[in-house]
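Chemist: Got a predicted structure plus its sequence, pasted below:
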Amino acid sequence: MLHLLGVNLPDQKVVSVALTYFYGIGPQTARKICSQLSFHQECKLSELTENQLNQLSGVLSEMSIENDLRRKVSANVKHLREIGTYVGKRHAMGLPVHGQRTRNNTKTAKKLNGRLLRKYSTSAFGIFHAPISKHF
């Protein structure tokens, strides 16, 4: 296992596949990085020299990946919630944001967008209990 910029990368994987272990780098970006550094398509991570690894870490350090990107995304969502946009309200309610239907298929959106709801819960149990009425 190669430890590069805080991420453990498997040695026996192809470089373009191993780069996708970084948060914020998909297959297309990984292929662009490999072509920029002139790595062979089937080159494995264990076959890279020390100089090539230094070039790779230099390119990756210029990009916003991992915690920097996570921080930007959460700051953007928080900003949308604070200014009260439609998208921010949908994030706050844990509903789909990009126009999907809500009649049946909202389980994934509630799971992903609901993460923010748990952080900002206003009660101890997450549910408000009404006082019991003494009038029969």
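Modeler: Arrived safely, thanks for sending. Numbering: from 1, shown residues only.
Chemist: Where does pLDDT dip in the chain?
Modeler: Applying pLDDT under 70 to the chain flags residues 113-136.
Chemist: in it, which spans are strands?
Modeler: With DSSP state E as the criterion, the chain has strands at 2-4, 7-9.
Chemist: First-to-last residue distance for stretch 36-43?
Modeler: End-to-end distance for stretch 36-43, by C-alpha to C-alpha, to the nearest Å: 14 Å.
Chemist: in that stretch, what counts as buried?
Modeler: By 16 or more other C-beta atoms under 10 Å, the buried positions in stretch 36-43 come out as 39, 43. For glycine as for every other residue, the C-beta is placed from the backbone atoms N, C-alpha and C.
Chemist: who touches that stretch?
Modeler: Taking contacts as C-beta atoms under 8 Å, 6 or more residues apart in numbering, the residues outside stretch 36-43 that touch it are 14-16, 34, 48, 52, 55-56, 59.
Chemist: Out of these, which end up buried?
Modeler: Buried subset of the contacts of stretch 36-43 (neighbour count, 16+ other C-beta under 10 Å): 14-16, 34, 48, 52, 55-56.
Chemist: Now the two most distant members of those.
Modeler: The largest separation in those, counting by C-beta to C-beta, is between Val14 and Gln55 at 17.2 Å.
Chemist: Restrict stretch 97-105 to CA atoms and write it as PDB.
Modeler: The C-alpha coordinates for stretch 97-105 follow below in PDB (Å, rounded to 0.1, in the frame of the first residue of the first chain):
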ATOM      1  CA  VAL A  97     -32.700  18.600  -4.800                       C
ATOM      2  CA  HIS A  98     -32.500  18.200  -8.500                       C
ATOM      3  CA  GLY A  99     -36.100  17.900  -9.500                       C
ATOM      4  CA  GLN A 100     -36.700  14.200  -8.900                       C
ATOM      5  CA  ARG A 101     -40.200  13.000  -8.100                       C
ATOM      6  CA  THR A 102     -41.100  12.600  -4.400                       C
ATOM      7  CA  ARG A 103     -44.100  10.300  -4.600                       C
ATOM      8  CA  ASN A 104     -42.200   7.100  -4.400                       C
ATOM      9  CA  ASN A 105     -38.400   7.400  -4.700                       C
END
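Chemist: if we can go back for a sec, out of the buried ones among the contacts of stretch 36-43, which sit inside helices?
Modeler: 15-16, 34, 52, 55-56 (DSSP state H).
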